[in-house]
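Novice: this is a predicted model, with the sequence first.
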Amino acid sequence: MNFLLRAFSFLFHLPLTLFFLGLGSFALLEGAYDLNLPLPWSGPSLTFWIFGLSLAGLISIYLALRKKARFLFVLYALTVLGLAIYWVFFSTYRFDGAAAFRCALAFVAAALVAALGAISHARHSA
């Protein structure tokens, strides 16, 4: 069971990180500071936060896979979980119907399971 949690954590975070790294890189290279995402930041700071957090996430995933500094992956996973909770419950974003809200809740649940997997990976002896 712990192996499945750890595997899910990496399989959840890696594509998410690569997507946001691409989005942040593209926005920075194009000077597009008008991203509109339901996150705590806006304008240029949103672009820099997306790029910085995704780069930190990619580094933490790499280090965790190499069994070094696993706590960084836990911090990243908890950050993703916190931002997902913010997006669903505390941002001004309004969902277009119950189905969209259920999908968002499924994403938060997946982020929670992925965070538990990251914690399991950090506690797993080499």
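Specialist: That came through, no problem. Bear in mind the structure is a predicted one, so any value in this text is a computation, not a measurement.

Novice: give the full set of residues in contact with the spatially most central residue of the chain.
Specialist: What sits nearest the mean C-alpha location of the chain, by C-alpha atoms, centre = their mean, is Val80, with 3.5 Å. Shown in contact with Val80 (C-beta atoms under 8 Å, 6 or more residues apart in numbering): 13, 16, 57, 111, 114-115. In short, each C-beta sits where N, CA and C put it, glycine included.

Novice: helices - which of these land there?
Specialist: The members of the contacts of Val80 that map onto helices under DSSP state H are 13, 16, 57, 111, 114-115.

Novice: can you put those in JSON lines and add distance to Ile85, pLDDT and neighbour count?
Specialist: As requested, these are arranged in JSON lines below (distance: C-beta to C-beta, whole Å; pLDDT from 0 to 100; neighbours: other C-beta atoms under 10 Å):
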{"residue": "His13", "distance to Ile85": "16", "pLDDT": "97", "neighbour count": "24"}
{"residue": "Leu16", "distance to Ile85": "15", "pLDDT": "97", "neighbour count": "18"}
{"residue": "Gly57", "distance to Ile85": "17", "pLDDT": "97", "neighbour count": "24"}
{"residue": "Ala111", "distance to Ile85": "8", "pLDDT": "98", "neighbour count": "25"}
{"residue": "Ala114", "distance to Ile85": "13", "pLDDT": "97", "neighbour count": "23"}
{"residue": "Ala115", "distance to Ile85": "11", "pLDDT": "97", "neighbour count": "24"}
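
Novice: let me know the closest of those to Pro44.
Specialist: The nearest member of the ones in helices among the contacts of Val80 to Pro44, counting by C-beta to C-beta, is Gly57 at 20.2 Å.
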